[in-house]
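J.: Got a sequence here, can you model it:
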Amino acid sequence: MSDRSTIVYVLVVIDLNADLGEGFGRWSLTDDDALLSVVTSANVACGFHAGDPSVMRRVCDLAAERGVRIGAQVSYRDLAGFGRRAMDVPGDELAAETAYQIGALRVFAEAAGAEVAYVKPHGALYNRTVHDAEQAAAVVAGVQLAGGRLPVLGLPGSHLLAAAEEAGLTGVPEAFADRAYTPHGTLVPRREANSVISDGDTVVRRALEVAVKGSVEAVDGTTVEVAARSLCLHGDTPGAARIAARVREALRTAGVGVGAFA
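T.: Below is the predicted model of the structure:
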């Protein structure tokens with residue numbers, strides 16, 4: 001019997017997504033041009049928390065030109081609060097507003113020769129659909145109302161992904177390299193200190209842990225399992241484009257492929 005060890009190689013591929021088009025009129029927040037050279041999926045603001053027709057059109061044109069998949073980042077109607085304020089919206093109204101945002105982005109995606117390929121809630125709506133089954137169901141109803149069978153991005157174990165799967169849609173679990181996690185696998189609220197991680201070395205390390213180990217360190221030092229198919233890098237983090245490029249290169253060096261989720 002040989003005592004030679006057997007080496008097993010596992011091919012890992014992960015999607016990189018970023019929130020883009022988060023400008024309005026003369027105000028600009030994200031470096032869309034630079035980020036679209038790194039990410040494989042673009043979560044485009046649809047006008048409710050950020051974005052306007054000109055911004056949406058420009059980002060869709062750039063994404064289509066570079067082969068980056070376009071996703072609708074839907075939000076509560078909260079332009080002044082950047083979609084990060086808690087709101088109570090009736091389910092039927094939220095479904096209609098979700099469909100409205102998807103439809104608006106679809107016009108510009110199709111004009112660019114592409115399509116809206118998935119949906120991801122933003123900010124307060126994203127966090128609400130982790131625990132709130134009714135709001136999660138309303139978002140999914142809005143996706144269905146908009147037509148097609150679009151995948152939905154959300155936090156692993158969330159009501160949102162469960163509602164998507166129940167409706168026959170694909171639920172895509174994602175993780176965050178630049179956000180702090182609670183021991184329960186949820187995101188630390190932005191109002192708390194150190195909820196956003198801006199140190200490039202730390203973001204790169206956490207990205208590798210998610211992609212290779214399927215885990216991330218929580219704020220209390222415990223390990224949280226995150227079986228993610230997509231990794232989010234926030235476009236409004238200081239130096240976001242530079243950090244994103246470092247993450248992509250680190251993944252490549254570690255043998256992790258970067259590509260849009262199937």
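J.: Next, the buried residues of stretch 253-262.
T.: 256, 258, 260-261 (16 or more other C-beta atoms under 10 Å). Placement of C-beta: from N, CA and C, glycine included.
J.: ugh, wrong one, I meant stretch 93-112
T.: For stretch 93-112, a neighbour-count test (16+ other C-beta under 10 Å) marks 94-102, 104-106, 108-109, 112 as buried.
J.: got it, and stretch 174-183?
T.: Buried-residue list, stretch 174-183, by 16+ other C-beta under 10 Å: 174-181.
J.: For residue 172, list the residues it contacts.
T.: 118, 151-154, 161, 229-230, 261 (C-beta atoms under 8 Å, 6 or more residues apart in numbering).
J.: mind redoing it with 10 Å?
T.: Residue 172 is in contact with 15, 17, 41, 71, 118-120, 151-154, 156, 161, 164, 228-230, 261-262, counting by C-beta atoms under 10 Å, 6 or more residues apart in numbering.
J.: element containing it, please.
T.: If you go by DSSP states H and E, residue 172 is part of strand 171-176.
J.: Can you tell me the strand partners of that strand and which way each runs?
T.: Looking at strand 171-176 with DSSP bridges, its partner strands are strand 152-154 (parallel), strand 230-232 (parallel).
J.: Adding mean neighbour count and distance to residue 248, write those strands out as JSON lines.
T.: Below are those laid out as JSON lines (neighbours: other C-beta atoms under 10 Å; distance: least, C-beta to C-beta, whole Å):
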{"stretch": "strand 152-154", "mean neighbour count": "26", "distance to residue 248": "19"}
{"stretch": "strand 230-232", "mean neighbour count": "25", "distance to residue 248": "10"}
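J.: Adding mean pLDDT and distance to residue 66, write those out as CSV.
T.: Output for the strands paired with strand 171-176, formatted as CSV (pLDDT from 0 to 100; distance: least, C-beta to C-beta, whole Å):
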stretch, mean pLDDT, distance to residue 66
strand 152-154, 98, 20
strand 230-232, 97, 18
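J.: a markdown table please, covering the ones you listed and showing distance to residue 48.
T.: Shown next, in a markdown table, are the strands paired with strand 171-176 (distance: least, C-beta to C-beta, whole Å):
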| stretch | distance to residue 48 |
| --- | --- |
| strand 152-154 | 17 |
| strand 230-232 | 19 |
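J.: Let me know which of the ones you listed is the nearest to residue 55.
T.: Closest approach to residue 55 among those is made by strand 230-232 (19.8 Å; C-beta to C-beta).
J.: which of the residues in the next helix or strand after that closest one are buried?
T.: Note on strand 230-232: by DSSP H and E, the next helix or strand toward the C-terminus is helix 240-253. Neighbour counts over helix 240-253 (16+ other C-beta under 10 Å) mark 240-241, 243-248, 250-251 as buried.
J.: by contact count, what packs against helix 240-253?
T.: With contacts taken as 3 or more C-beta pairs under 10 Å, 6 or more residues apart in numbering; DSSP states H and E, helix 240-253 sits against strand 12-20, helix 32-35, helix 200-208, strand 230-232, strand 256-258.
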